[in-house]
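Undergrad: everything below, folded, please.
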Amino acid sequence: MNEDYAGLLKALREAPDESTESISIDRAIHDGRRTIRRRRVLGTLGVVGVVAAASSARPLFNAFREPPVAGPPPGRFQPLQIWGREFDVGTAGGFQPYQYITGRIFHMVALTSTARPTNEATAVATLYAPGLRSAPLSAALQLEPIEGRPVYVVGEDSGATTITWEYADHCWGTVAVYTDPAGRAARARHVAESIHRRKTPVPLTVPFTVPRRLFGPEDDVVLVRVPYGALDSEYEVAVAAADPEEPTVVSSLTSAGIHRPAASEKPNTTIAGRPAIVDGGLNATVFGVGSGYAADAMADAPLDAKAIAAAVTLAGGKGTDEPLR
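TA: All right, here's what the predicted structure looks like:
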């Protein structure tokens, strides 16, 4: 499993209390967390930081655009699609997208350096569902607007700079950049300017299935991760029991997916007669799924990560948007 995505899942699952004021999903996907709890509130995810000076140089980017999509009235929450890519992301600020994650309350894009691309995020863009977030409440450094909409620096420290901007009426997103401090705010703004919401989402599928019986009776897919561009080949779904009355609340997250393992990934056990890696009982990887893929799973008791990983099967054709069978 990609370490950035594993970090995101773990951060969403950890819950020292029910507050999320200090949790940032774009930092979580970069840094990862280690404590796992039973419940996670996904809403009101914010970035807390010290405001610092930043450049607002005019952007240089390569992006494709469609006419703007109008936002909802203030305070009206509109969930995003789980099985549709709702945003186009260009190459900008020295970054290119390589991973796309969808959920009802946010879509996230992981970006890497265009000069030295890797499978580790050096910038992360998070697009929150319409009506979920609003302008920063505290004073923040304002950058040059994007298409007439406000842009603020809301987080600045030795490890990252984070901006937030209004991408449509009452719709907000963030970009966090994890590079050398010089020019990070300007680079983050370039990334934000390359992002645009589509009129028609791109349908998403994953090339695997896994038995539904291995999950909870009310579980369903709440997050989907797919490659964006040619740099990545990993697919993952996160499964949980979502609360129909509170769409930003889910039960403990479980994940299943596939990836093409690197030469450095060495089995330490076997599962169902196949080489495998088991890490602490919560994470399992089973090799030899087919087409060069290994299967991954992360699960908290009473669910079984080893059983889930062993049961992942490649789907034929163009994949499926119903991986739980």
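Undergrad: helices of the protein, residue ranges please.
TA: 3-13, 25-31, 184-193, 305-311 (DSSP state H).
Undergrad: what residue ranges in the stretch 151-300 of the chain score low on pLDDT?
TA: When residues are selected by pLDDT under 70, those of the stretch 151-300 of the chain lie in 243-251.
Undergrad: against G257, how distant is the residue nearest to V222 when sequence neighbours are not counted?
TA: Nearest-residue entry for V222: A240, 4.8 Å, with adjacent residues in sequence omitted and distances by CB to CB, 6 or more residues apart in numbering. Just so you know, the C-beta spots here come from the backbone N, C-alpha and C atoms, and that holds for glycine as well. Using CB to CB, to the nearest Å, one gets 15 Å for the distance from A240 to G257.
Undergrad: and V153, by the same measure?
TA: 34 Å.
Undergrad: more neighbours, A240 and G257?
TA: G257 (29 against 25; other CB atoms under 10 Å).
Undergrad: where's that one relative to S113, distance?
TA: Distance from G257 to S113, by CB to CB: 24 Å.
Undergrad: hey, where'd the strands end up in the stretch 51-200 of the chain?
TA: 61-62, 84-89, 91-92, 95-103, 106-113, 123-128, 141-146, 149-156, 161-168, 171-177, 195-203 (DSSP state E, counting those that start in this stretch).
Undergrad: for Y98, which non-adjacent residue is closest in space?
TA: Per CB to CB, 6+ apart, closest to Y98 is L231, 4.0 Å.
Undergrad: who are the contact partners of that neighbour?
TA: By CB atoms under 8 Å, 6 or more residues apart in numbering, the contact set of L231 is Q96, Y98, T112, P117, N119.
Undergrad: please verify my assumption that the third one contacts G94.
TA: By that I understand T112. No: look at T112 against G94 with CB atoms under 8 Å: they stay out of range, at 9.9 Å.
Undergrad: between the two, point out the one with more neighbours.
TA: Of the pair T112 and G94, T112 is the one with more neighbours under other CB under 10 Å, namely 23 against 20.
Undergrad: what is the burial count for A123?
TA: A123 has 29 nearby residues by other CB under 10 Å.
Undergrad: check Q96 too.
TA: Neighbours of Q96 under the rule other CB under 10 Å: 23.
Undergrad: now do V202
TA: Neighbours of V202 using other CB under 10 Å come to 14.
Undergrad: hmm, it is touching R85, no?
TA: Yes: proximity of V202 to R85 meets the contact threshold set by CB under 8 Å, at 4.2 Å.
Undergrad: please report the distance of the residue nearest to V222 from L143.
TA: For A240, the distance to L143 - CB to CB - is 36 Å.
Undergrad: try P207
TA: Distance from P207 to L143, counting by CB to CB: 40 Å.
Undergrad: same question, W172
TA: 14 Å.
Undergrad: okay, those two: which has more neighbours?
TA: Taking neighbours as other CB under 10 Å, W172 and L143 compare with W172 leading, 24 against 21.
Undergrad: right, and the more buried one touches G131 too?
TA: No: using CB under 8 Å, W172 makes no contact with G131, being 9.6 Å away.
Undergrad: need the contact list for T114.
TA: Contacts for T114 were tallied using CB under 8 Å, 6+ apart; they are T91, G94, F95, Q96.
Undergrad: go on, T122?
TA: F95, L111, T112, S113, V177, Y178, T179.
Undergrad: ditto for A125
TA: D26, V89, M108, V109, L111, G173, T174, V175, V191, A192, I195.
Undergrad: who is the fourth one paired with across the strands?
TA: So the one you mean is V109. Y100, A125 (DSSP bridges).
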